[in-house]
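Coordinates for the following, if possible.
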Amino acid sequence: MSDAPLIRNESGIARDRDPSEPPEELELETAIARNVRRLRQQQGLTVADMAARVGISKAMMSKIENAQTSCSLSTLAMLARGLDVPVTSLLRGAETERPASFVQAGQGTPIVRHGSRAGHEYHQLGALRGEHKRLECLHVTLTSKSQEYPLFQHPGTEFLYMLEGEMDYAHSRSVYRLQPGDSLVIDGEGAHGPVDLISVPIRFLSVIAFPDAAV
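Down below sits the predicted model:
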């Protein structure tokens, strides 16, 4: 165990950042952390083994692998020698621009879906196509009841978050009463959609993560 407290969980890494510190520096530290950990594990070394090989403390080694410290050039050189790789191998990925999608209030792109003819409005708040999947974010507005409601099916997982109104929402063989603040995560392969609009207008967010095959 490291002597230093680490801010980390299985989902990734985190660290405190001084407001004056450039965000780009954190990206560099994250790339170094990721590469050092990967190379160390490939060589079957523990954190203690690697620290001893490089000549630094185990606590410092843990901080490096969790992007909680900035490596000096001399430390980078020692790490590269300890791993028997070029220094550039430890910086790989830092130059990669990571995608983001920013949409200002009221500027979502209107899109037409099957439910549009029933008076349902869909505005895309952004979409990312990453290395392994596509993420699609929608703001949905339902303003009036109708005789028919569309049921959707698609690959991947969908997350719903209610903002306004009240509705009964079906998924597979279940029906959920959704109110503001409620959320629902569903398997998109199950038929789903609103089955009764209790209190309109209804507004909710829909975030769909499509799997590899759907990209």
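
Which neighbouring elements make contact with the biggest helix by length in the chain?
For the chain, the helix reaching the highest residue count under DSSP state H is reported as helix 23-42. Judged by 3 or more C-beta pairs under 8 Å, 6 or more residues apart in numbering; DSSP states H and E, helix 23-42 is in contact with helix 47-54, helix 58-65, helix 73-83, helix 87-91. For glycine as for every other residue, the C-beta is placed from the backbone atoms N, C-alpha and C.

and the longest strand for this protein?
What stands out as the longest strand in the chain, according to DSSP state E, is strand 192-210.

So which bits of that one are buried?
Buried residues in strand 192-210, counted by 16 or more other C-beta atoms under 10 Å: 192-194, 197, 200, 202-204, 206-210.

ok, back up a step: out of the helices and strands packed on helix 23-42, which is the most enclosed?
When these are scored by mean count of other C-beta atoms under 10 Å, the highest mean neighbour count falls to helix 58-65 (a mean of 21).

now the angle from it to helix 73-83?
Using axes from the mean of the first three to the mean of the last three C-alpha atoms, to 10 degrees, the direction of helix 58-65 lies 100 degrees away from that of helix 73-83.

Domain map for the chain?
8-91, 109-214 (automatic domain parsing).

so how far is residue 46 from the residue nearest to residue 145 when sequence neighbours are not counted?
In space, not counting the residues next to it along the chain, residue 145 is nearest to residue 197; the distance is 5.0 Å by C-beta to C-beta, 6 or more residues apart in numbering. Per C-beta to C-beta, to the nearest Å, residue 197 is found 58 Å from residue 46.

which one of the buried residues of strand 192-210 sits closest to residue 171?
Minimum separation from residue 171 among those (C-beta to C-beta) is found for residue 192, which lies at 4.2 Å.

Using the three-state scheme, assign the residue sitting furthest away from the middle of the chain.
For the chain, the C-alpha lying farthest from the average C-alpha position belongs to residue 147; by C-alpha atoms, centre = their mean, that distance is 37.4 Å. Under the three-state scheme (DSSP: H, G, I helix; E, B strand; the rest coil), residue 147 adopts coil.

burial of residue 139, as a residue count?
If you count neighbours by other C-beta atoms under 10 Å, residue 139 ends up with 17.

pLDDT (mean, whole number) over the longest helix of the chain?
Summarised as a single mean, pLDDT over helix 23-42 is 80.

Buried ones in that helix, by neighbour count?
By neighbour count, with 16+ other C-beta under 10 Å as the criterion, the buried positions of helix 23-42 are 27-37, 39-40.

Alpha carbons of it, in CSV - could you do that?
Coordinates of each C-alpha in helix 23-42 appear next as CSV, following Å, rounded to 0.1, in the frame of the first residue of the first chain:
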residue,chain,number,x,y,z
PRO,A,23,-5.4,21.7,-18.2
GLU,A,24,-2.9,20.6,-20.8
GLU,A,25,-0.4,19.7,-18.1
LEU,A,26,-2.9,17.2,-16.5
GLU,A,27,-3.3,15.6,-20.0
LEU,A,28,0.4,15.1,-20.2
GLU,A,29,0.6,13.6,-16.7
THR,A,30,-2.3,11.3,-17.5
ALA,A,31,-0.5,10.0,-20.6
ILE,A,32,2.7,9.4,-18.6
ALA,A,33,0.7,7.6,-15.9
ARG,A,34,-1.1,5.3,-18.3
ASN,A,35,2.1,4.4,-20.3
VAL,A,36,4.2,3.8,-17.2
ARG,A,37,1.6,1.5,-15.6
ARG,A,38,1.1,-0.4,-18.9
LEU,A,39,4.8,-0.9,-19.5
ARG,A,40,5.4,-1.9,-15.8
GLN,A,41,2.6,-4.5,-15.9
GLN,A,42,3.9,-5.9,-19.2
